[in-house]
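J.: this one's sequence-less:
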């Protein structure tokens, strides 16, 4: 797949959403939680479908920083310390297109595991 390249990337800190705008004004907002639980990193996805790690307690995760990786991807620096995944333009566009299916599957897997989107303890963020 050759996805379009965003003309603008904007982080809405209060809403914890990443907005991607494409040529022609088409715009999509993706929750940071969604991006975090579907990170393309080996830490999350494993080294195959059977080795993926279910991400739990990520409901309130935000972004500390966004950096561009060459001309093909973004590196998202999450405020829970995770920053090892490169989100290619193709992968981000796939996340946009498959958002509902992906989210429904994630919610099903959480329920099957008896897990929650809520953090397990008191969240302390550095000021």
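T.: Noted; the coordinates are in hand. Note that the structure is predicted; figures quoted are calculated from it, not measured.

J.: For the lowest-mean-pLDDT helix or strand in the chain, list every residue counted as buried.
T.: Here the helix or strand of the chain ranked lowest by mean pLDDT, DSSP states H and E is helix 42-45, holding a mean of 88. If you call a residue buried by 16 or more other CB atoms under 10 Å, then helix 42-45 has these buried ones: residue 44. From N, CA and C alone the C-beta is placed, and that goes for glycine too.

J.: what number of residues lie near residue 58?
T.: Residue 58: 21 surrounding residues under other CB atoms under 10 Å.

J.: quick one, what contacts it?
T.: 33, 36, 37, 80, 117, 119 (CB atoms under 8 Å, 6 or more residues apart in numbering).

J.: For it, I want the exact helix or strand it lies within.
T.: Counting by DSSP states H and E, no helix or strand carries residue 58.

J.: Look up how far residue 33 lies from it.
T.: 5 Å (CB to CB, to the nearest Å).

J.: okay, and the common contacts of these two?
T.: residue 117.

J.: Make TSV out of the contacts of residue 58 and add neighbour count and pLDDT.
T.: Formatted as TSV, the contacts of residue 58 follow (neighbours: other CB atoms under 10 Å; pLDDT from 0 to 100):
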residue	neighbour count	pLDDT
33	20	98
36	22	98
37	21	97
80	16	95
117	16	96
119	14	91
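
J.: Make a markdown table out of these and add secondary structure and distance to residue 53.
T.: Shown next, in a markdown table, are the contacts of residue 58 (DSSP: H, G, I helix; E, B strand; the rest coil; distance: CB to CB, whole Å):
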| residue | secondary structure | distance to residue 53 |
| --- | --- | --- |
| 33 | helix | 16 |
| 36 | helix | 12 |
| 37 | helix | 10 |
| 80 | coil | 14 |
| 117 | coil | 15 |
| 119 | coil | 16 |
